[in-house]
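1. just to be clear, the model below is a prediction. Sequence and coordinates:
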There are 2 protein chains.
Amino acid sequence: MIGHAARRRSPERAPTRGAVRAARGDVATRNRVLGAATRLFAERGFRRVTVRDICDAASANVASVNYHFGDKERLYREVVESALEALRGFADQAMNAGPDASAEQKLEHYVRAHLGRDPNSATARRASVLRELFRHELSEPTPVGAAMVERALKPRLRYLAEIVQSLLGGRASDETVRYCVMSIQSQCLLPVAAPVAFDMAPLRSRAELERLVRHVVAFSLAGVRDRMR
Amino acid sequence: MIGHAARRRSPERAPTRGAVRAARGDVATRNRVLGAATRLFAERGFRRVTVRDICDAASANVASVNYHFGDKERLYREVVESALEALRGFADQAMNAGPDASAEQKLEHYVRAHLGRDPNSATARRASVLRELFRHELSEPTPVGAAMVERALKPRLRYLAEIVQSLLGGRASDETVRYCVMSIQSQCLLPVAAPVAFDMAPLRSRAELERLVRHVVAFSLAGVRDRMR
DNA sequence: TGACGGTTCAAACACTTGTTTTATACAGGC
DNA sequence: GCCTGTATAAAACAAGTGTTTGAACCGTCA
C-alpha cells in the first residue's frame, strides 16, 4: 500500500496515448475510474475504499486501476492532484477581495469563502472534495497529506497573516500574529472538519450561514483588535 | 467488523471470573490486551490496527481477543468506555474553576485545561487517548463515536454556553451564544486535532503554552464582549 | 488422585484485497 | 492477409485479517 513500492514490476511506462475506443461514444475508462475514485476517496478515505469498489462504481474491470494508474496509491495521488488543481479557483477567489479592499473587508471575504458558501455551488463542491480528503488525511496520514498542507493550507495561512498584520498595524510580535491566525482559521475549519461536534450536520439556510459569517468576522476582529493594545 | 453482528456464535457469556493465573506475578492477559489495544487504537484508529498487532504487543495469543472480548469491535467499545471513564477526572477538573470563580476565570481555567497542560502529565495523557480516538472517529465513524460526542463533548459545550451567557449578561440570543461557544471550542480543539495544520507538532515549552492560553482567553473574551453590544 | 473448568496456544479457516496473469477484441500499419 | 500495440475481461495469486477450532496446560476441589 502507500509507503511501499509496487510489489513486483510496476508498469513504468504508462499507456502512452491511444484510447482508440474512447474516441467513440463512452467516456474513457480511465476517466470513469478517476471520477469514481475521487468520489469514494473523498467519502471514505484511502484505506476504506477498495479497488473493487472503485471499479464497480466506474463499471470497469478490476485490473483497470493497475493498468491505467500503476497501483492504488498512484491513483490516489492523481485524485489529490486533480483536487488541488480544481481548488486553485476557490483559493484564488477566497484570497482576492478586490483591488482596494480594506483589511476588514478582506477578512470578511475570506471567512465568507470558507463558511458562507452555498454548499451546492460548483466551487463549494469541488472545495469540499479536497476538504474531505484532507479530513481523512488528518487521522490516516499518507505521504500525500503533506503536499495538501503545503499547497492548499499554507498559502492561506500566510494570506491571513498579512491581514492580521495589517489589522494590528504592524505593532505585534510574530507569535501574536501566528496565534491570531490560528484562532481565525480554527473557526473557519473546525465547523466543517467536525460538523458532528457542533450539530452542524444539517445544511443551514442561506440566512443562517450569513449570520454565522458575520459572527466569526465580528468575533475575530474584536479578538485581534484586543491583542493590539 | 463494526456494524455487523459477530459471524457465527458469539461467546455470549463472558468468562465469568477466575483469572487464576493472574493472581501471581504477571498482569492478567485480558488487561494486557486492553492496554495494548488502547495504545494502538489511539495511535492508528480502529481499522488500521489488527488483532494480531494487539496480541503481539500484549504478548498474548491471537485468540485472546475473541476469547476475552468476543470480537474486535467489542474490544474497541471497551477501550472507548475505559477512556471515557478515565476522562471523567479531566472533565470535572476542566469544568470546575473553584466555587467563587468569575465567568472570566472560569473561561481561563477551561482553556488552560485544554491547551495549557503539560503534555506529559498523567491526566493530559489520558485525555489525549480519548482525543486521539475521537480524531480517528471523525474520519472513520463507528457507532461508538456518537457516544463519545454525547458523553465527552456535549457537557463541555453546555458548560461553555453557561460561561458565555454569563459573560453576555443573558442579553444575547441562543444563536449568538451557540456561535460564541463554537468559536471558543474551535480554538481549543483544532490545534490539537490538526497539529500538522499549524506547525504545532513540536511540543511547546511551558512558557509558550502559557502565552497561547492567554491569547485564546483574551481573544475570546474580546470576541464575546463585542457580541454583547 | 482425577475430573473439572478457566485459560492459553498453534494451526487452520473463510474471506477480503491489491495485484498479476492470461486471453481476447480491435484498430492501424505493413 | 499478418503483426503490433492498446484496451478490456475473467480468473487466479499472494498476503493479510477476523475468527474458530481442538488440544494442551494448570490451578482447584471433590
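-> That came through fine.
2. how about the helix or strand where residue A:85 lies: buried residues?
-> For residue A:85, the host element (DSSP states H and E) is helix A:72-94. Using 16 or more other CB atoms under 10 Å in any protein chain shown as the test for burial, helix A:72-94 gives A:72-80, A:82-84, A:86-87, A:90-91, A:94. Quick note: C-beta positions are derived from backbone N, CA and C, even for glycine.
3. nearest residue to the residue nearest in space to the middle of chain A in space, please, no chain neighbours.
-> The residue lying closest to the centre of chain A (CA atoms, centre = their mean) is residue A:130, at 2.8 Å. Excluding its sequence neighbours, the residue lying closest to residue A:130 (CB to CB, 6 or more residues apart in numbering or on different chains) is residue A:83, at 4.4 Å.
4. do I have it right that residue A:97 meets residue A:110?
-> Yes - with contact defined as CB atoms under 8 Å, residue A:97 counts as touching residue A:110 (7.4 Å).
5. picking that back up, quick check: mean pLDDT of the helix holding residue A:85?
-> In this model, helix A:72-94 has a mean pLDDT of 89.
6. is DNA strand C contacted by it?
-> Yes - using CB under 7 Å from any atom of the strand, we find that helix A:72-94 touches DNA strand C at A:72-73.
7. same for that helix, what does it pack against?
-> Here helix A:72-94 touches helix A:29-44, helix A:63-69, helix A:103-115, helix A:122-139, helix A:143-148, helix A:154-167, going by 3 or more CB pairs under 8 Å, 6 or more residues apart in numbering or on different chains; DSSP states H and E.
8. closest to residue B:174 out of the ones you listed?
-> helix A:103-115 (19.1 Å; CB to CB).
9. list the buried residues of the closest one.
-> Neighbour-count burial for helix A:103-115 flags A:103, A:106-115 (criterion: 16+ other CB under 10 Å).
10. need the helices and strands packed on helix A:72-94 in TSV with distance to residue B:67 and mean pLDDT, can you?
-> Converted to TSV, those look like this (distance: least, CB to CB, whole Å; pLDDT from 0 to 100):
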stretch	distance to residue B:67	mean pLDDT
helix A:29-44	31	95
helix A:63-69	39	95
helix A:103-115	50	94
helix A:122-139	29	83
helix A:143-148	37	84
helix A:154-167	49	94
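11. and the ones you listed as TSV, adding distance to residue B:32?
-> What follows is these, written out as TSV (distance: least, CB to CB, whole Å):
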stretch	distance to residue B:32
helix A:29-44	32
helix A:63-69	40
helix A:103-115	46
helix A:122-139	26
helix A:143-148	33
helix A:154-167	43
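12. picking up where we left off before, the residue nearest to residue A:130 and residue A:38 touch, don't they?
-> Yes - applying CB under 8 Å, one finds residue A:83 in contact with residue A:38, separated by 6.9 Å.
13. need the overlap of contacts for those two.
-> Residues touching both residue A:83 and residue A:38 (CB atoms under 8 Å, 6 or more residues apart in numbering or on different chains): residue A:129.
14. not counting sequence-adjacent ones, nearest residue to residue A:44?
-> Nearest to residue A:44 is residue A:136, by CB to CB, 6+ apart, at 7.5 Å.
15. and for that neighbour, the neighbour number?
-> Neighbour count for residue A:136, taken as other CB atoms under 10 Å in any protein chain shown: 24.
16. next: residue A:131.
-> Using other CB under 10 Å, residue A:131 has 20 neighbouring residues.
17. any idea how far residue A:175 is from residue A:106?
-> Going from residue A:106 to residue A:175 by CB to CB, to the nearest Å gives 22 Å.
18. using CSV, write out every CA atom in stretch A:156-175.
-> Provided in CSV are the C-alpha atoms of stretch A:156-175 (Å, rounded to 0.1, in the frame of the first residue of the first chain):
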residue,chain,number,x,y,z
ARG,A,156,-4.0,30.7,3.1
LEU,A,157,-2.3,31.0,6.5
ARG,A,158,0.2,33.4,5.0
TYR,A,159,-2.5,35.4,3.5
LEU,A,160,-4.4,35.5,6.7
ALA,A,161,-1.2,36.6,8.5
GLU,A,162,-0.9,39.5,6.2
ILE,A,163,-4.5,40.6,7.0
VAL,A,164,-3.8,40.2,10.7
GLN,A,165,-0.6,42.2,10.5
SER,A,166,-2.4,44.9,8.7
LEU,A,167,-5.2,45.0,11.3
LEU,A,168,-2.6,45.2,14.0
GLY,A,169,-0.8,48.0,12.3
GLY,A,170,2.5,46.0,12.3
ARG,A,171,2.8,46.5,16.0
ALA,A,172,2.6,42.9,17.1
SER,A,173,5.0,40.1,17.6
ASP,A,174,5.2,37.3,15.1
GLU,A,175,3.9,35.0,17.8
